[in-house]
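the following block contains a protein sequence and its predicted model.
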Amino acid sequence: MRVISREKCGAGRKYRGFTSDESPLNEFFTKHFPEFQHDPAESALREFYRLCDELRWDRDGVDGADAHQDFKEAW
């Protein structure tokens, strides 16, 4: 596995000291939403919105707002 830097690179943020599989965002998606197949190469925010769409959440509703707070903490 390759270590990636925390600098904003292309599609999304990368984190120094973490492999791509261990990043806080990857942990957010895999731990909280294991059924969701996120694409780490895509923008993290785009993937979050796709998650909301797949789960049919209103982004401003309770489920979407709670998940968004957890997402922001991981990002």
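Alright, I've got the coordinates. Numbering: from 1, shown residues only.

for the one residue sitting closest to the centre of the chain, give its distance to Arg56.
Centroid-nearest residue in the chain, with C-alpha atoms, centre = their mean: Leu25, separated by 4.1 Å. For Leu25, the distance to Arg56 (C-beta to C-beta, to the nearest Å) stands at 22 Å. For glycine as for every other residue, the C-beta is placed from the backbone atoms N, C-alpha and C.

how about the secondary structure of the residue nearest to the centre of the chain?
helix (DSSP: H, G, I helix; E, B strand; the rest coil).

in this protein, which spans are helices?
Ranges of helices within the chain are 24-32, 44-54, 62-74, based on DSSP state H.

who are the packing partners of the shortest one?
This points to helix 24-32. Secondary-structure packing of helix 24-32 (3 or more C-beta pairs under 8 Å, 6 or more residues apart in numbering; DSSP states H and E): helix 44-54, helix 62-74.

could you redo the last one with a cut-off of 10 Å?
If contacts are counted by 3 or more C-beta pairs under 10 Å, 6 or more residues apart in numbering; DSSP states H and E, helix 24-32 sits against strand 12-13, strand 18-19, helix 44-54, helix 62-74.

as JSON lines, those with mean pLDDT and distance to Pro34 would be great.
JSON lines is the format used below for the helices and strands packed on helix 24-32 (pLDDT from 0 to 100; distance: least, C-beta to C-beta, whole Å):
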{"stretch": "strand 12-13", "mean pLDDT": "46", "distance to Pro34": "20"}
{"stretch": "strand 18-19", "mean pLDDT": "45", "distance to Pro34": "19"}
{"stretch": "helix 44-54", "mean pLDDT": "93", "distance to Pro34": "12"}
{"stretch": "helix 62-74", "mean pLDDT": "89", "distance to Pro34": "14"}
